[in-house]
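Visitor: Structure, please.
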Amino acid sequence: MSFPLPTTIGLSAMTRTSAATTQDRPIVVVDDDDDMREILTLILSTEGYPIATFADGEAFLRKADASLPICVFLDIVMPGRSGLHILKELNARRYEAPVFIMSARNETPTVVEVLKSGAQDFLHKPFDPYAAVQRVRDAIELWTSRNEKKSTSGLIRTEFPGNVRLTRREAEVLAGLISGASRDEIARFLAVGKRSVDNLIYDIMRKFKAKKAIDLVRIAMSS
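Guide: Reported below is the predicted structural model:
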């Protein structure tokens with residue numbers, strides 16, 4: 001059993017798993033501007049991921065379901081259907097990859113509409129190409145967070161022998177203790193204060209009738 005918590009000492013198992021699941025995925029660039037596609041391909045390829053480019057949204061949509069990319073850079077103004085229409089189509093499909101909209105138009109209504117339509121962020125052209133690199137890293141962090149949540153949700157136990165029942169939050173804290181995470185790490189992962197974690201551990205120990213946290217871990221693992 002493991003509890004995927006971020007740590008400054010090396011990579012967690014979940015981070016390694018996330019890297020493994022994204023390393024073969026492409027970064028997609030959809031833009032009718034040849035120069036923009038070329039520039040982004042050169043810059044983004046430095047991240048070590050394959051780059052897939054499309055000159056229009058329809059061509060991308062035909063391939064969109066074949067392989068889920070790390071993220072998509074999507075221009076708004078293109079021949080045929082606009083990037084906004086493509087974005088709405090992706091949203092209707094419940095497309096999981098983060099989509100970053102690019103446009104020379106920076107009107108507030110446009111920005112608001114694309115964000116409401118499911119875009120992860122808006123990049124106003126012209127922009128520093130290295131800003132796109134940061135968006136790729138943001139997308140990878142997003143995939144990591146999603147994988148952590150999926151993994152954690154499958155590890156949480158709320159019921160134990162002896163009619164011991166934990167709240168969801170207590171169960172998450174216990175999973176962290178069993179994995180060997182510190183109280184500070186658990187607090188950061190759950191986005192709560194360390195005192196809240198201390199109080200939760202106290203409540204869990206009381207329910208298990210454990211005198212020490214180490215006893216609590218031993219009892220839970222043997223249950």
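Visitor: Kindly list the longest helix within this protein.
Guide: helix 129-153 (DSSP state H).
Visitor: Show me what that helix is packed against.
Guide: helix 13-22, helix 34-44, strand 71-75, strand 121-124 (3 or more C-beta pairs under 8 Å, 6 or more residues apart in numbering; DSSP states H and E). (Glycine included, C-beta is placed from N, CA and C.)
Visitor: Quick one: name whatever helix or strand follows the second one.
Guide: On the C-terminal side of helix 34-44, the nearest following helix or strand under DSSP states H and E is strand 51-54.
Visitor: Show residues contacting that next one.
Guide: 26-31, 37, 40-41, 44-45, 60, 63, 69 (C-beta atoms under 8 Å, 6 or more residues apart in numbering).
Visitor: pLDDT-wise, what's the bottom of those residues?
Guide: Here the lowest pLDDT out of the contacts of strand 51-54 sits on residue 63, with 90.
Visitor: and the helices and strands packed on helix 129-153, which one is worst for confidence?
Guide: helix 13-22 (a mean of 45).
Visitor: Could you check how far residue 72 is from residue 216?
Guide: From residue 72 across to residue 216, the span is 46 Å (C-beta to C-beta, to the nearest Å).
Visitor: the more surrounded of the two?
Guide: Higher neighbour count among residue 72 and residue 216: residue 72, with 27 against 21, using other C-beta atoms under 10 Å.
Visitor: Nothing else from me, thank you.
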